[in-house]
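In: what's the 3D shape of this:
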Amino acid sequence: MQEAQLRTLLEAVRDGKTQINDALQRLRALPFEDVEQIARLDNHRALRCGFPEVVFGQGKSPEQVIKIVRRLAEQNDRVLVTRVSAEMYAAIQADLPDLTYHPTPRLLVLDKSDPSARIPGVVVATGGTADIPVAEEAAMTAELMGSQVDRVYDVGVAGIHRLLGQVERIQKANAIVVVAGMEGALASVIGGLVAAPVIAVPTSVGYGASFGGLAALLAMLNSCATGVSVVNIDNGFGAGYLAGMINRQSVPRKEC
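Out: Take a look at the predicted model:
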């Protein structure tokens, strides 16, 4: 929404010609901003969806990331850039000193929110240690969305007693992200132990016949456990975002 449009809308509210809730609905849907012909930023994504627009770093130049992130940081207390390589971070860190780089999940983060306000209720579990990069992408995304995350790592079915020792922790969750490669069996096992929705993330971890995560993806899609949904291979961000949305529903909404 341009300044003139916004002024007209606010004047209409002031004069009683537009109701506050009607104006709020328009503000949720309209505004975006062109950034030097490289991006169109959805400035009211947080108002409409509860979380600011997220930047996919892979495939963008360092200069493009810098311009986009600067504009987002001017209007939001949280900024998330995914799939940022160490080489890209080296090229942009001097220009974005307020952001923190997390090399394991390859995330670039600005977080000025209050961590004490995070809502408990998300568990992120992995089959093995090699799945942790994808799991951390999920966990940190959920944290940025306002959730406390309990990490339960390396509890794969090859030693299922490790998982059984953590069942009480897992059963407390409102949403569970299960990250596993190889045959991807962990999602089905956890799905049979809990009442909360399970978000399964197949990873590209595994030997040749895992086909870069395709075997785990198909196994998770064919899960016999109820309440298991599946995101794309290595899509920790998508799983963490969905877990954060589910967990947020556990808190009664405030009326506008």
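
In: use CA for all of it now, contacts and neighbours both
Out: Will do.

In: do a quick rundown of the helices in the stretch 151-256 of the chain.
Out: Listed in chain order, the helices found in the stretch 151-256 of the chain under DSSP state H, counting those that start in this stretch are 160-164, 167-171, 186-191, 214-221, 236-248.

In: tell me which of those sits nearest to residue 98.
Out: Ranking the helices of the stretch 151-256 of the chain by proximity to residue 98 (CA to CA) places helix 236-248 first, at 21.5 Å.

In: buried set for the closest one?
Out: Buried residues in helix 236-248, counted by 16 or more other CA atoms under 10 Å: 236-248.

In: got any ranges where the stretch 101-250 of the chain has weak pLDDT?
Out: Counting by pLDDT under 70, the stretch 101-250 of the chain shows no low-confidence range.

In: mind running it again at 90?
Out: Residue ranges of the stretch 101-250 of the chain with pLDDT under 90: 111-117, 249-250.

In: for residue 17, the count of nearby residues, please.
Out: 11 (other CA atoms under 10 Å).

In: next one: phi and psi at it?
Out: phi -80, psi -20 (degrees, to the nearest 10).

In: the one 5 residues further on too?
Out: When read as degrees, to the nearest 10, the backbone of residue 22 gives phi -70, psi -40.

In: the strands in this structure, which residues?
Out: Using DSSP state E, the strands of the chain run over 33-35, 39-41, 55-56, 78-82, 100-102, 107-111, 119-126, 147-152, 175-180, 198-202, 228-230.

In: export those strands as JSON lines, with columns for distance to residue 219 and mean neighbour count.
Out: Converted to JSON lines, these look like this (distance: least, CA to CA, whole Å; neighbours: other CA atoms under 10 Å):
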{"stretch": "strand 33-35", "distance to residue 219": "42", "mean neighbour count": "13"}
{"stretch": "strand 39-41", "distance to residue 219": "37", "mean neighbour count": "15"}
{"stretch": "strand 55-56", "distance to residue 219": "27", "mean neighbour count": "16"}
{"stretch": "strand 78-82", "distance to residue 219": "26", "mean neighbour count": "21"}
{"stretch": "strand 100-102", "distance to residue 219": "30", "mean neighbour count": "17"}
{"stretch": "strand 107-111", "distance to residue 219": "28", "mean neighbour count": "21"}
{"stretch": "strand 119-126", "distance to residue 219": "16", "mean neighbour count": "24"}
{"stretch": "strand 147-152", "distance to residue 219": "21", "mean neighbour count": "21"}
{"stretch": "strand 175-180", "distance to residue 219": "11", "mean neighbour count": "32"}
{"stretch": "strand 198-202", "distance to residue 219": "9", "mean neighbour count": "31"}
{"stretch": "strand 228-230", "distance to residue 219": "10", "mean neighbour count": "21"}
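
In: among these, which is nearest residue 8?
Out: Between residue 8 and those, the shortest gap by CA to CA is with strand 33-35, which sits at 18.6 Å.

In: quick one, domains of the protein?
Out: With automatic domain parsing as the criterion, the domains of the chain are listed as 26-111, 115-248.

In: excluding chain neighbours, what is closest to residue 18?
Out: residue 12 (5.3 Å; CA to CA, 6 or more residues apart in numbering).

In: my bad, residue 132
Out: Nearest one to residue 132, counting by CA to CA, 6+ apart, is residue 126 at 6.7 Å.

In: so who does that neighbour touch?
Out: Contacts for residue 126 (CA atoms under 8 Å, 6 or more residues apart in numbering) come out as 132, 135, 152-156, 178-180.

In: now these as CSV including distance to residue 166?
Out: As requested, the contacts of residue 126 are exported to CSV (distance: CA to CA, whole Å):
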residue, distance to residue 166
132, 17
135, 17
152, 8
153, 10
154, 11
155, 9
156, 12
178, 13
179, 16
180, 17
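
In: just to check, the residue nearest to residue 18 is in contact with residue 20?
Out: No. Counting by CA atoms under 8 Å, residue 12 stays clear of residue 20, with 9.6 Å between them.

In: list the residues that contact both of the two?
Out: With CA under 8 Å, 6+ apart, residue 12 and residue 20 have no common neighbours.
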